[in-house]
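Enquirer: build me a model from this:
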Amino acid sequence: MPLTEPNAPVLPAEVDTILGHAAERLAGRFAEHFSPETVRECLDDSYLVLAATAKVRDHLYVLAERFATERLDAITTADGLRARIRPEVLFVCVHNAGRSQMAAALLAHRAEGRIVVRSAGSAPTDQINPAVAAALEEIGLDVTKEFPKPLTDEAVRASDVVVTMGCGDACPVYLGKRYLNWELDDPAGQSIETVRAIRDDLDRRVSDLLAELVTTDA
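Expert: Predicted coordinates:
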């Protein structure tokens, strides 16, 4: 897990206090696997990483807690600290604002809890593409509470399948992982009609992937 550098920016006092309360919650949740110091370090690092691209920092600490939770969960899986009971899929595109977010929302919806779904990007932006959110809302999926996240090593290591979106993003390669590359148009700057077509293409692809990963009872 990449941790904060020794010369990392000092957190403002009010943020430090709020993150301290969040760290207490996370330390209780992950007490079986991580020390309180490790949890706090991951949380601080998550805040600073997200703050680097955030234009609005209101409630950023809430997102940092969610991101740290996801990272710590991924580490417990990647390091074999708990049994792997569901397939885990990671969708990656550069900005984590369009295709990867759409794919994650669609797969999570169709899998209904049978798959752990994550998304990330090598250069995340500060918000999800509004046209992507609108296209998903048309089919009843709400991604307004989601946010672009940076690609981390632990997310890749925890995944059974890593799917890139044809945008040139590179992921660390580990033995035993399945890597797919889906060539898809970038929804950035596109009309809503084009974004709908990308959404429908992704929906077919995630449905096929779901059928490969999860067997249903006859």
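Enquirer: for the residue minimising distance to the centre of the chain, give its distance to residue 185.
Expert: Centroid-nearest residue in the chain: residue 119, 3.4 Å away (criterion: CA atoms, centre = their mean). Residue 119 sits 18 Å away from residue 185, going by CB to CB, to the nearest Å. The C-beta positions use only the backbone N, C-alpha and C, and glycine is treated the same way.
Enquirer: residues making contact with the helix ranked longest in the chain?
Expert: In the chain, assigned by DSSP state H, the helix with the most residues is helix 192-213. With CB atoms under 8 Å, 6 or more residues apart in numbering as the test, helix 192-213 has contacts from 87, 89, 99, 102-103, 106-107, 110-111, 114-115, 129, 131-132, 134-136, 138-139, 160-161, 163, 180, 182, 184-185, 187, 190.
Enquirer: also stretch 49-67?
Expert: Residues outside stretch 49-67 that contact it (CB under 8 Å, 6+ apart): 15, 18-19, 22, 25-26, 43, 46-47, 124-127, 147-150.
Enquirer: give me the buried subset of those residues.
Expert: Buried members of the contacts of stretch 49-67, scored by 16 or more other CB atoms under 10 Å, are 15, 18-19, 22, 26, 43, 46-47, 124-125, 127, 147-150.
Enquirer: among those residues, which pair sits farthest apart?
Expert: Greatest spacing in the buried ones among the contacts of stretch 49-67, by CB to CB: 26 and 125 (25.8 Å).
Enquirer: tell me the pLDDT at residue 217?
Expert: For residue 217, the pLDDT comes out at 41.
Enquirer: hang on, isn't residue 69 packed against residue 23?
Expert: No. Contact criterion CB atoms under 8 Å: residue 69 and residue 23 do not qualify, at 11.3 Å.
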